[in-house]
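Chemist: Let me see the structure of the following:
(3 chains)
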Amino acid sequence: MSTRVRSLVLLVAAILLVAAPRAQAQLPPDQMTSLALPEVGPGWIFVLDAGFPSTAAARVYIVDTGRLKVLGQVSGGYLSNFVLAPDHHEFYSVDTFYSRGWRGTRTDVVSIFDAKKLNFSGEVEIPPKRLLIVPKRDSASITPDGEFILVANMTPATSISVVDTKARKFVGEIETPGCVQAFPSGNRQFDSICADGSILTVQLDDSGKAKGKTTSKPFFDPGKDPVFDQPALVGSRAYFDSYYGNLYEVDLSGAEAKGAQPWSLITAADKAGKWRPGGWQTVAVEPKSGVLLVLMHQGGDWTHKQFGTEVWVYDLAQRQRVKRIKLKTQGYSIFATNADKPMLEVLDLQTSMQEGTGQLEAYNLTTGKFVGKLDELGSPFVIYGP
Amino acid sequence: MDKIVEQMTRAIAQRTSRRSFLARVGKVILGAAAIPLLPIDRVVRAADAAAGKLPKGIEDDTSCDYWKYCAVDGYLCTCCGGGSHDCPPGATPSPTSWVGTCRHPSDGRDYIVSYRDCCGQASCGRCLCARTEGEMPLYRAQLDSDLIWCFGAPTMMYHCSTAEIVGVKS
Amino acid sequence: MLTSGAPPVRAEQPAQLYMLNCWGCHRPNGEGIPGTAPPLQGAADFLKVKGGRQYLIEVPGVAQSALNDEQVAEVMNWILQTFSKEQLPRDFKPYSGDEVKQLRAVRMLEITKTRNAVVAEMVAAKIRPAAKP
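Modeler: Numbers count the residues shown, from 1 in each chain, chains lettered A, B, ... in the order given. Below is the predicted model of the structure:
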């Protein structure tokens, strides 16, 4: 018998064997349940799908980056934001809903989900004026102790709505004239970035009301070198990358934010090659390894939202580039995890535009090697960490 | 005014896109920088137009390359039943907008353009056109095109994007 | 249906500054949008009471605009003279770049409170009617 014929005979035999009814192999009836999540792991990330092109409902995929597997979903509304309780017992989706889907009365809420069963467990109504934008990470955030959720508003006048998570109550609204976003910088403190390049620091009392406001000196010139508005935040330190490839570190710990002297992410040769940062969530920090990651592309002025083709890795202490990671496709948002080893997570929105589904790519941060991908993630814009 | 002029100059230095967002991305990477544009390039540019060197869609208001869309970010209303400055049926022009300028390819003038969203219908989802010339982060909100610019409209439900000429820069 | 109201015109310098920086919310003739952007028509009333002259420059949209001090002065003077001619005091002293520089350095942190205080002055001076309860 030739090899081919022998294979065919074996294949037919195998099919007959499988298809033959055998009483002892009968499967028991299934018992259908709802699964629960384990504890939030250090290798988990939360990927926000903005819901394009319909925008009717955003959602957050809970992803185990170690296995590149979706573990569950937090369902949202119109251009929602995601917030994770620091002690991981609850997830929050900051939502806008119209009473009849795309029409009717607008209601804005903080929706609360328990982190095990992902059951909806309540909501806090907030003024129907939250910032509606293609989702950006710090449009909603939470104080490090988990007591207060901060929601950015824009009418276009700007303010922050404060929600008490324990009492599940809307506390009030804090005006942040000319300043947007809420970077939590202490249990009773947050910062907003202002149109003139300064930082507004707001201090809260124990009830979540504003106790004091301080404006810093401008730490960058928005007219000359605008910084991206989704900095990497590590504790109360913010790392802003800029349109022209500079890195601005800002210390948000005190009552007045302090910007450090910026340093350049690009050399003269990089500049000649038109390398610059760009994308959506363009900068990340992996604190354990002390590295800063920036999503880079080659392009001219005003290409700040162009997809990145490489991620450049910098030693934060030395302020020096130590690695260039070439992406398999192109990245729009980046994040670093470190469960057992440092990893780079990249959202590729390009495939979303091309095939209707975006994907996540994982790279070993030490070797720069591509590890794997997870596709069919809708229109993924933002990555949140645990 | 220098800064504004500079911004406007940059604003047209990068018209690159085609209907397909993906094609646009590829083209930005390969060719955007190949079309530098200074104010004195106006005549050159007009000559380019005559020689057919400008993007094919520069006079086509259903194309992302249409001259007036130099900073549009969203679904083109012309693909949704509307016009370049008209909302599709059932949608309402937002009374608020962000404002920039685009240079007309043949008369060389810089027109002041209001990027007005049409609001009150569900997302149209057609002809995504994401051009970022002059676009600023959220802290300069009046120049941020990712915002839902339906402030003051009956609802904040975004449908599609238009570009309305409101003046000429002298 | 809402329309832009103003036909395309070849505008003069301050009018262009207005178009590029303010028009998007305050509308072609400074009419504003209730609940969204305050009207600039009648804004010269602010000049008649305590705190009003500062207020017009210290509001974040003006103080933190991308315009330089001279441009802010120029466009604000134009706004007052164009959209609020009737309310303009006879002895109106136009803003100068230097004055703008000083005023915009002050950060307005409580905009509603500040505005209410100025409006209360206008009500007391019978320039504006008292708000309905």
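Chemist: only C-alpha atoms for contact and neighbour calcs from this point on.
Modeler: Noted.
Chemist: Skipping its backbone neighbours, what lies nearest residue C:109 in space?
Modeler: Using Cα to Cα, 6 or more residues apart in numbering or on different chains and skipping the chain neighbours, the partner closest in space to residue C:109 is residue A:177 (6.1 Å).
Chemist: Please report how far that neighbour lies from chain B.
Modeler: 11 Å (Cα to the nearest Cα, to the nearest Å).
Chemist: Kindly report the same for residue C:43.
Modeler: 20 Å.
Chemist: again, but for residue C:33
Modeler: With Cα to the nearest Cα as the criterion, residue C:33 and chain B are 6 Å apart.
Chemist: With residue C:65 instead?
Modeler: As defined by Cα to the nearest Cα, residue C:65 lies at a distance of 8 Å from chain B.
Chemist: residue contacts, that residue?
Modeler: A:195, A:196, C:21 (Cα atoms under 8 Å, 6 or more residues apart in numbering or on different chains).
Chemist: The residue nearest to residue C:109 contacts residue C:112, correct?
Modeler: No. Applying Cα atoms under 8 Å as the test, residue A:177 and residue C:112 come out as separate, 9.7 Å apart.
Chemist: Neighbour count for these two, which is higher?
Modeler: Set residue A:177 next to residue C:112 and count neighbours by other Cα atoms under 10 Å in any protein chain shown: residue A:177 wins out with 23 against 12.
Chemist: so who does the residue in the stretch 151-300 of chain A that chain B sits nearest to touch?
Modeler: Distances between the stretch 151-300 of chain A and chain B by Cα to the nearest Cα are smallest at residue A:195, namely 4.8 Å. Counting by Cα under 8 Å, 6+ apart, residue A:195 touches A:178, A:179, A:222, B:139, B:140, C:64, C:65.
Chemist: 7 Å - rerun?
Modeler: A:178, A:179, B:139, B:140, C:64 (Cα atoms under 7 Å, 6 or more residues apart in numbering or on different chains).
Chemist: who in chain B is up against chain C?
Modeler: B:92-93, B:96-100, B:151-152, B:165-170 (Cα under 7 Å from any Cα of the partner chain).
Chemist: hmm, which of the residues you listed are the buried ones?
Modeler: B:92-93, B:96-100, B:151-152, B:165-169 (16 or more other Cα atoms under 10 Å in any protein chain shown).
Chemist: Dump those residues to CSV, plus distance to residue A:382 and pLDDT.
Modeler: Output for those, formatted as CSV (distance: Cα to Cα, whole Å; pLDDT from 0 to 100):
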residue, distance to residue A:382, pLDDT
B:92, 30, 98
B:93, 29, 98
B:96, 27, 97
B:97, 26, 95
B:98, 24, 92
B:99, 27, 93
B:100, 28, 91
B:151, 24, 97
B:152, 28, 97
B:165, 34, 96
B:166, 35, 94
B:167, 37, 93
B:168, 38, 92
B:169, 38, 88
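Chemist: ok, of those, which one's closest to residue A:114?
Modeler: Using Cα to Cα, residue B:151 is the member of these that sits closest to residue A:114, with 33.9 Å.
Chemist: sorry, back to before: distance of the residue nearest to residue C:109 from residue A:311?
Modeler: 35 Å (Cα to Cα, to the nearest Å).
Chemist: And for residue C:31?
Modeler: 48 Å.
Chemist: more neighbours, those two?
Modeler: Comparing residue C:31 with residue A:311 by other Cα under 10 Å, the one with more neighbours is residue A:311, at 26 against 17.
Chemist: Show me the strands in the stretch 201-350 of chain A, by range?
Modeler: Along the stretch 201-350 of chain A, the stretches classed as strands by DSSP state E, counting those that start in this stretch are A:210-215, A:232-234, A:237-241, A:246-251, A:258-259, A:263-264, A:275-277, A:283-286, A:291-298, A:308-315, A:320-331, A:333-338, A:342-348.
Chemist: Dump those strands into a markdown table; add distance to residue C:129 and mean pLDDT as well.
Modeler: Below are these laid out as a markdown table (distance: least, Cα to Cα, whole Å; pLDDT from 0 to 100):
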| stretch | distance to residue C:129 | mean pLDDT |
| --- | --- | --- |
| strand A:210-215 | 32 | 98 |
| strand A:232-234 | 49 | 97 |
| strand A:237-241 | 47 | 98 |
| strand A:246-251 | 47 | 98 |
| strand A:258-259 | 45 | 98 |
| strand A:263-264 | 55 | 98 |
| strand A:275-277 | 53 | 98 |
| strand A:283-286 | 52 | 98 |
| strand A:291-298 | 56 | 98 |
| strand A:308-315 | 57 | 98 |
| strand A:320-331 | 57 | 95 |
| strand A:333-338 | 52 | 97 |
| strand A:342-348 | 56 | 96 |
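Chemist: Any chance of a markdown table for those strands, columns distance to residue A:66?
Modeler: Shown next, in a markdown table, are the strands of the stretch 201-350 of chain A (distance: least, Cα to Cα, whole Å):
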| stretch | distance to residue A:66 |
| --- | --- |
| strand A:210-215 | 41 |
| strand A:232-234 | 22 |
| strand A:237-241 | 26 |
| strand A:246-251 | 30 |
| strand A:258-259 | 36 |
| strand A:263-264 | 33 |
| strand A:275-277 | 27 |
| strand A:283-286 | 16 |
| strand A:291-298 | 20 |
| strand A:308-315 | 20 |
| strand A:320-331 | 19 |
| strand A:333-338 | 10 |
| strand A:342-348 | 9 |
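Chemist: Output those strands in a markdown table; the columns should cover distance to chain C.
Modeler: Shown next, in a markdown table, are these (distance: least, Cα to the nearest Cα, whole Å):
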| stretch | distance to chain C |
| --- | --- |
| strand A:210-215 | 7 |
| strand A:232-234 | 25 |
| strand A:237-241 | 20 |
| strand A:246-251 | 20 |
| strand A:258-259 | 17 |
| strand A:263-264 | 24 |
| strand A:275-277 | 23 |
| strand A:283-286 | 26 |
| strand A:291-298 | 27 |
| strand A:308-315 | 29 |
| strand A:320-331 | 31 |
| strand A:333-338 | 28 |
| strand A:342-348 | 33 |
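Chemist: re earlier: pull the contacting residues for the residue nearest to residue C:109.
Modeler: Contacts of residue A:177 by Cα under 7 Å, 6+ apart are A:157, A:158, C:60, C:109, C:111.
Chemist: Just to check, the second one is in contact with residue A:181?
Modeler: No. Here residue A:158 does not reach residue A:181: they are 9.0 Å apart, not a contact under Cα atoms under 7 Å.
Chemist: Which residue of the two possesses the greater neighbour count?
Modeler: Neighbour totals were compared for residue A:158 and residue A:181, and residue A:181 leads with 30 against 21 (other Cα under 10 Å).
Chemist: What parts of chain C come near chain A?
Modeler: C:36, C:60, C:61, C:64, C:109, C:110, C:111.
Chemist: and of those, the nearest to chain B?
Modeler: Among these, and counting by Cα to the nearest Cα, the member closest to chain B is residue C:36, at 5.7 Å.
Chemist: Can you report how many residues neighbour that closest one?
Modeler: Neighbours of residue C:36 (other Cα under 10 Å): 18.
Chemist: Next up, the contacts around it.
Modeler: Residue C:36 neighbours (Cα under 7 Å, 6+ apart): A:155, A:156, B:151, B:152.
Chemist: so which two of those are the farthest from each other?
Modeler: Counting by Cα to Cα, the most remote pair of these is A:156 and B:152, 9.3 Å apart.
Chemist: Over to residue C:80: give its phi and psi.
Modeler: phi -70, psi -40 (degrees, to the nearest 10).
Chemist: ok, it - contacts?
Modeler: Residue C:80 sits in contact with C:43, C:44, C:88, where contact means Cα under 7 Å, 6+ apart.
Chemist: re the thing from before, let me have the contacts of residue C:36 in JSON lines, extended by secondary structure.
Modeler: As requested, these are exported to JSON lines (DSSP: H, G, I helix; E, B strand; the rest coil):
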{"residue": "A:155", "secondary structure": "coil"}
{"residue": "A:156", "secondary structure": "coil"}
{"residue": "B:151", "secondary structure": "coil"}
{"residue": "B:152", "secondary structure": "coil"}
